[in-house]
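1. the sequence isn't on hand, but the structure is:
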């Protein structure tokens, strides 16, 4: 068996500021939509949603959740995947959000 670790890092300063100012996130995971007929490339794909009660503003809109797709190695047992919210510190350039 393999253990795969994925660390998600927000690309947007607005999302990064939201993640750093909120600690009541809910993580919801489910398989991606079935691939089109004849294409099984999304077999090990998971749809991830991170949601919090406190919304943030992004491009003039109030946003309460972000979503992404995570591609995992072929053969991953999606039902056995676990997700956790872990805050880490890093020395990065200042983000003007």
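-> Structure received. Since the structure is predicted, the reported quantities are computational estimates derived from the model, not experimental observations.
2. sketch out the low-pLDDT regions of the protein for me.
-> Across the chain, residues meeting the criterion (pLDDT under 70) sit at 1-2, 34-43, 88-97.
3. just the helices in it please.
-> 13-21 (DSSP state H).
4. quick one: the strands in it?
-> With DSSP state E applied, the chain shows strands at 26-31, 45-58, 61-71, listed in chain order.
5. give me the angle between the second one and strand 61-71.
-> In other words, strand 45-58. Angle, strand 45-58 to strand 61-71, by axes from the mean of the first three to the mean of the last three CA atoms, to 10 degrees: 160 degrees.
6. outside of strand 45-58, which residues touch it?
-> For strand 45-58, contacts defined as CB atoms under 8 Å, 6 or more residues apart in numbering pick out 8, 12, 14-15, 17-18, 21-22, 24-33, 62-72, 78, 81, 83. Quick note: C-beta positions are derived from backbone N, CA and C, even for glycine.
7. the last one now?
-> Under the criterion CB under 8 Å, 6+ apart, residues 6, 8, 10, 15, 32, 42, 44-57 lie in contact with strand 61-71.
8. given it, what are its sheet partners and their directions?
-> Note on strand 61-71: by DSSP bridges, its sheet partners are strand 45-58 (antiparallel).
9. then the first one?
-> Taking DSSP bridges as the criterion, strand 26-31 sits next to strand 45-58 (antiparallel) in its sheet.
10. need the winner for burial among the strands of the chain.
-> Comparing those by mean neighbour count (mean count of other CB atoms under 10 Å), strand 45-58 ranks first with a mean of 15.
11. nearest residue to residue 18 other than its sequence neighbours?
-> With sequence-adjacent residues excluded and distances taken as CB to CB, 6 or more residues apart in numbering, residue 18 is closest to residue 56, at 3.8 Å.
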